[in-house]
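Visitor: Pasted the sequence and its predicted model underneath.
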Amino acid sequence: MGSQAKNRSTLVTAAALAVGVLGVFGALTSYQVSSGYSAQFKDAYGGGVAQARFAPLLERVPAAAELAYLTDLDPSQAAYAPAFLAAQYAVAPRVLHLNDAQALPEWAAGNFTKPLDFAAAGAAQGYAMIADLGNGVVLYHRTAR
Amino acid sequence: MMAWIAAMLVSLIAGWCVARALTAGVWSSAPRWASLMVELSLAVLFGPGLASALFFGMLVAGVRNRRGALAMLGVLLAGCVAVWWKLTPEIAPDIAPAGGRKRFPWMWALWICVAAGVLFLFLDFQVASSANPSGEWDAMSIWNLRARYLAAGDDVWRRAVSAALGGHLGGAEHPGYPLFLSGFIGLLWNVAGSFDQSAPIVVSLMFAAAAWMLLGASVACRKSAALGLLAWCVLLASEVFASQTAAQYSDLLQGLAFLAAIVLLDAAAERDRTGPRILIAAGLAMGLACWIKNEGLPFMIAALAVAVWRFGKRGLPWLALGASPGLLATVTLKLVAEGHEAILPRTLGEALEKIGGAGRWWQAALGFGKAVFEAGNEWTHPVLLAVLLAFALRFVPWAERRARLWLWIPVTVTAAAEYGLYLVTTADLNWHISTSVSRLVAQLWPTLLWLFFVTLRTPEEFFEAPAVAVVREEKAGRRKTAKR
């Protein structure tokens, strides 16, 4: 083997090993980033909490049911959409309906962030409170029209 | 738990039968571990893809119970075993060149690096999945949510394809999003009879592992074992890939389908005499690509067009046959979906007005540039590693590179379509880019790396063949002489 070819093979070896080692460090860095993020943001999207909060509701409402969604959050608030979508995931295959005054489903699910008069909140939308399931989750049934 | 694991294994075995039947002998001169890994990666795409498409077809046809799902899996397995039995050719053992093959002497070190990198990737996945077992945002609000409706059967499955599902919230209405992932998880949950949280976690890992495995193994088959290991190392260093492994999204699955289609088209071009089997496999990967996400549609159209150009009209029936399961499922979905995508403009005028905004072009380009910049970390950035390899190994001659330029077309068209979507989106452009551009890059990343690696010379080329082969030949010669 000529010296030029030998030099080239040394360069190739060094580059290949460098890429191998840097690849390991890259994976290690990704792991460290992920580890830090995960420690800081457990259940970052609220799916776990929502599933625990809405679990008592699942036993009382048929799996195919449609529910109106009642909340104290204003649609303009940043927390509004995440809270709705986490609740939707937690109660699926039941489906939640937002702001649909025309079609009033038989059931309604309340998802509240602070204590208030839950019965009055439901009555204003045409629903009677069936049960306060705790943690801001309330089950309603449609009142006779 | 056992039920969904059994259903997943049945899908994978079915997928392997199809992959084996359609690609046996295609990489016969490659290391056996590499060709086996390619088959397994393709099995992860083909089996769950076919199962998902059939499950969706079953729901549309009105068969919506657990017994029907189990029967469907049985039929799928029997059909795929029959395909394997009838189509798999006898493979003649590959005869190694008399002088022995050139080898990269530091292969053992690269294997250690790959093993260590995989360990960190797995730890990354484990820590992210433990913190967020329901996956990231879109997993909970789109992919797994729709899987729950599909799993529930009855008429409830229609909710998965309804715009009302997102509560008419911008960015949450996706009635026409393809259902490969949701359909497969829905099938597993349907068979299990519960929404076992571990099913989407395992499925997410499986698709990420298959995409990773296919990259290095196919480079090893196509070029050399050392280059395959280096491709794995570069993907391991890609934060854009690692960050998606535990997300439970469709993007790495989309990346797997893109890569599979390109690898199979390249293999078909390499071995025209392989016949229609490899073209059916390429068509299957293309068809399934559009059953994963909407981005798969421009990819499939472009890939089919270049394949017809490359293989002539005789290739079209085989490509179409392969593409039919994914394509039929996608067309059926588009027909039954209720409502339209919230982020698409409703009129041509609205679209043109948005395209006319010069700032949007720049903003979208900047978004892609930023995503590539953030694809890795400083000194371990995959682009930096690729440049280092290109400097040391250099590229194959231009004529050889030019012969494979057509493989870039589907990737370029897909990237252009993704870019075009940003130009016309009705959502806030900053929000749209910041929440999706890294995932679009993740979809194309394994294929871009593959296209780069096949243009490099191999490390083995810079080393002489091992002397052992010569010694063995001499010994064999001496034995023959002694016998005489």
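Guide: That came through, no problem. Numbering: from 1, shown residues only, chains lettered A, B, ... in the order given.

Visitor: What parts of the stretch 151-300 of chain B come near chain A?
Guide: B:151-152, B:154-156, B:159, B:164-169, B:172, B:226, B:229-230, B:232-234, B:236-239, B:242-243, B:246 (Cβ under 8 Å from any Cβ of the partner chain). Heads up, the C-betas are built off the backbone N, CA and C, glycines and all.

Visitor: Quick one, which of these are buried?
Guide: Neighbour counting with 16 or more other Cβ atoms under 10 Å in any protein chain shown marks B:151-152, B:156, B:159, B:164-167, B:169, B:172, B:226, B:229-230, B:232-234, B:236-239, B:242-243, B:246 as buried within these.

Visitor: From the residues you listed, which land in helices?
Guide: Using DSSP state H, B:151-152, B:226, B:229-230, B:232-234, B:236, B:239, B:242 are the members of these that sit in helices.

Visitor: Out of those residues, which two sit at the greatest distance?
Guide: B:152 and B:226 (49.8 Å; Cβ to Cβ).

Visitor: How much space separates residue B:10 from chain A?
Guide: Computed as Cβ to the nearest Cβ, to the nearest Å, the residue B:10 to chain A distance reads 24 Å.

Visitor: Check which helix or strand that residue maps to.
Guide: Residue B:10 belongs to helix B:2-23 when assigned by DSSP states H and E.

Visitor: If you count contacts, what does the longest helix anywhere in chain A end up packed against?
Guide: In chain A, taking DSSP H as the definition, the longest helix is helix A:3-40. With contacts defined as 3 or more Cβ pairs under 8 Å, 6 or more residues apart in numbering or on different chains; DSSP states H and E, helix A:3-40 has these neighbours: helix B:107-131, helix B:225-236, helix B:239-242, helix B:382-393.

Visitor: Dump the following helix or strand past it to PDB, restricted to CA.
Guide: Next in sequence after helix A:3-40, counting helices and strands by DSSP H and E, comes helix A:47-58. C-alpha atoms of helix A:47-58 as PDB (Å, rounded to 0.1, in the frame of the first residue of the first chain):
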ATOM      1  CA  GLY A  47     -54.000  14.000  29.800                       C
ATOM      2  CA  GLY A  48     -53.100  12.000  32.900                       C
ATOM      3  CA  VAL A  49     -54.800  14.400  35.300                       C
ATOM      4  CA  ALA A  50     -57.900  14.600  33.000                       C
ATOM      5  CA  GLN A  51     -58.200  10.800  32.900                       C
ATOM      6  CA  ALA A  52     -58.000  10.600  36.700                       C
ATOM      7  CA  ARG A  53     -60.500  13.500  37.200                       C
ATOM      8  CA  PHE A  54     -63.100  12.200  34.700                       C
ATOM      9  CA  ALA A  55     -62.800   8.500  35.600                       C
ATOM     10  CA  PRO A  56     -65.900   8.700  37.900                       C
ATOM     11  CA  LEU A  57     -68.000  10.100  35.100                       C
ATOM     12  CA  LEU A  58     -67.200   7.200  32.800                       C
END
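
Visitor: what does helix A:47-58 rub up against?
Guide: Identification of contacts with helix A:47-58 by Cβ atoms under 8 Å, 6 or more residues apart in numbering or on different chains yields A:43, A:86-87, A:89-91, A:94, A:109, A:131, A:133-137, A:139, B:132-134, B:140.

Visitor: mind listing which of these are in strands?
Guide: Under the assignment DSSP state E, those contribute A:109, A:131, A:137, A:139 to strands.

Visitor: Pairing partners for the last one in the sheet, please.
Guide: On the basis of DSSP bridges, residue A:139 is bridged to residue A:109, residue A:131.

Visitor: Can stretch B:54-69 be said to contact chain A?
Guide: No. Applying Cβ under 8 Å from any Cβ, one finds stretch B:54-69 out of contact with chain A, separated by at least 11.7 Å.

Visitor: so what's residue B:253 closest to, chain neighbours aside?
Guide: Among residues not flanking residue B:253 along the chain, residue B:207 sits closest, at 4.4 Å (Cβ to Cβ, 6 or more residues apart in numbering or on different chains).

Visitor: For residue B:49, see how far away that neighbour is.
Guide: Relative to residue B:49, residue B:207 is positioned 11 Å away (Cβ to Cβ, to the nearest Å).

Visitor: Count the residues that sit near residue 22.
Guide: Picked chain A for this. Using other Cβ atoms under 10 Å in any protein chain shown, residue A:22 has 25 other residues around it.

Visitor: Please refer instead to chain B.
Guide: The burial count for residue B:22: 27, using other Cβ under 10 Å.

Visitor: now swap in residue B:426 and tell me
Guide: Around residue B:426 there are 16 residues (other Cβ under 10 Å).

Visitor: OK, contacts around it?
Guide: With contact taken as Cβ under 8 Å, 6+ apart, residue B:426 is in contact with B:342-345, B:350, B:354.

Visitor: so where's chain A uncertain?
Guide: Along chain A, the parts satisfying pLDDT under 70 run over A:1-6, A:99-102, A:144-145.

Visitor: Low-confidence ranges, the stretch 51-200 of chain B, go.
Guide: B:92-100, B:166-172.

Visitor: Could you measure from residue B:349 over to residue B:355?
Guide: Residue B:349 is 11 Å from residue B:355, by Cβ to Cβ.

Visitor: Of the two, which one has the most company?
Guide: residue B:355 (14 against 9).

Visitor: for that one, what are its contacts?
Guide: Residue B:355 neighbours (Cβ under 8 Å, 6+ apart): B:423-424.
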